[in-house]
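Engineer: Give me a model of this one.
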Amino acid sequence: MEGEDERGAMANSDSDFHLGAVLTRLGQPEPADHGPAVETIRATIEEDPGRCLPTVPKLRSLLGDTDPGVQATVATCLRTMAVDYPDDVAPSVPAIVDCLTQGPPQATADPLVDCLESVAEERPDLVAKALADRDPRPEATDGADGVLAVEPEETDALPEPTTATTIEIEGRLLEVRYGD
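Structural biologist: Got it, this is the predicted structure:
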């Protein structure tokens, strides 16, 4: 493809970011086409994350990519953009929570939880709703004394984690939901 470097990334000799080429690559049905485009986004985000905001919907759709390297890079890109642009990444929160509940590798899970934390700083209700929608526990309510109250017999209703990574993810998700 014209305009690609040796990695297949969409850039010219000045390393400019070609949004149209990247979006086209991300929309291709062949998973092999996604890697170079995601790597181009990752490299551009390091210099100017705002330039990559139009890629958020496509990146969100790649959270289920079968290539763990692509999935981890997508997670890293979303995390990086969420730091400066949490409102732009916020529509991805339900997909991020869904991805996390699938038990992704740590290289994907860690940046996704970081992403949730960044979005939660600006949009805590959105993150709490997404977590509540996947969490079988009842809604927490403010008690008469202003303390968060949850039905005691339901507190441990989360599915049993199967790995140390899953345990860490569940703990960090609970921290996002209920605070430190």
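Engineer: for the helix or strand harbouring Ala132, which positions count as buried?
Structural biologist: Applying DSSP states H and E as the criterion places Ala132 in helix 124-134. Judged by neighbour count (16 or more other Cβ atoms under 10 Å), helix 124-134 contains these buried residues: 126-131. Bear in mind the C-beta positions are built from the backbone N, C-alpha and C, glycine included.
Engineer: Over to stretch 73-92?
Structural biologist: Per 16+ other Cβ under 10 Å, stretch 73-92 contains these buried residues: 73-82, 85-86, 88-90, 92.
Engineer: Where do the helices of this protein begin and end?
Structural biologist: 19-26, 34-47, 56-61, 68-84, 86-89, 93-101, 106-122, 124-134, 164-178 (DSSP state H).
Engineer: as a whole number, average confidence for the fourth one?
Structural biologist: Throughout helix 68-84, pLDDT has a mean value of 96.
Engineer: which other residues reach it?
Structural biologist: Contact with helix 68-84 is made by 31, 34-35, 38-39, 41-42, 45-46, 49-50, 52-53, 55-56, 59-60, 62-65, 88-89, 92, 96, 99, 104-105, 107-112, 114-115, 118-119, as judged by Cβ atoms under 8 Å, 6 or more residues apart in numbering.
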